[in-house]
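Asker: one predicted model, sequence on top.
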Amino acid sequence: MRVTDRAAPRRRRDEFRPTLARVRDAMFNSLGARTSGARVLDLFAGSGALGMEALRRGAAHAVFVEQNAKLATGLRHHLADEQLMDRAEVWKRDALAAVRDLGLAGRVFDIIFLDPPYGRGLVAATLRGIGASGILAPGGVVAAEGHWRDRPSETGVLACRREARYGETMVWYFEQAGGETL
């Protein structure tokens, strides 16, 4: 008799990949006091762990962008359960389209978290969109997470100021080229 584990359909591995706690802690240690009072954008939000941690650490407001309907609904419920919904917005849409629309609306953010599915070139494409849209506030930072092999090379007006590796995961910190460093 052969036993398989196909009783239930499998979820694609990259559909939901929350940021590891040690990576999240390191990111917030790097950001330091910048979180307090910040306007935060969490792109490819998934569980919303990064944006919710920013709200818990004193961020003024957070916009979460997640294209997957089930994840966006779950995120809304989690924000409500944590009593954070009054300082949050959840957008169920494509991250690149959201970046464009936020720019057209004149919205700016002090901290932008970027954690797209690995291996699709989305880090570089989204960084270029962020730079072109003008949504990063002066002195703001983009914390981008990805596989270490996916280091973005063409990032438009944003410059990598710092990077750190955690196993297979890299975190890159970007600011406007010519701005002060982390």
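Answerer: Received it, and whenever you're ready, just let me know what you need.
Asker: and the helices in this protein, which stretches?
Answerer: For the chain, the helices identified by DSSP state H occupy 21-31, 49-56, 69-81, 95-104, 122-133, in order along the chain.
Asker: and the contacts of the third one?
Answerer: Identification of contacts with helix 69-81 by CB atoms under 8 Å, 6 or more residues apart in numbering yields 16, 45-48, 52, 64, 66, 85, 88, 90-92. In short, each C-beta sits where N, CA and C put it, glycine included.
Asker: equivalent analysis for the fourth one, please.
Answerer: Under the criterion CB under 8 Å, 6+ apart, residues 41, 43-44, 63, 65, 67, 91, 109, 116, 122, 125-126, 129-130, 132-135 lie in contact with helix 95-104.
Asker: gap between the two ends of stretch 43-50?
Answerer: Start-to-end span of stretch 43-50 (CA to CA, to the nearest Å) is 10 Å.
Asker: quick one: it to chain centroid distance?
Answerer: Its chain's C-alpha centre and that of stretch 43-50 lie 6 Å apart, by CA atoms, centre = their mean, to the nearest Å.
Asker: show the pLDDT at G119.
Answerer: Note for G119: predicted pLDDT of 82.
Asker: look up how far L50 lies from it.
Answerer: When CB to CB, to the nearest Å is the yardstick, G119 and L50 sit 20 Å from each other.
Asker: which of these two has more residues huddled nearby?
Answerer: For G119 against L50, the residue with the higher neighbour count under other CB atoms under 10 Å is L50, and the figures read 28 against 11.
Asker: what residues does the longest strand belonging to the chain touch?
Answerer: Ordering each strand of the chain by length in residues (DSSP state E) puts strand 136-147 first. Applying CB under 8 Å, 6+ apart, the contact partners of strand 136-147 are 19, 23, 27, 30-31, 34, 39, 50, 108-116, 118-119, 123, 126-127, 130, 152, 158, 161, 168-176, 179-180, 182.
Asker: quick one on the thing from earlier: quick one, which of the contacts of helix 95-104 are buried?
Answerer: Applying a neighbour-count criterion of 16 or more other CB atoms under 10 Å, the buried members of the contacts of helix 95-104 are 41, 43-44, 63, 65, 67, 91, 109, 116, 122, 125-126, 129-130, 133, 135.
Asker: brilliant, that's me finished.
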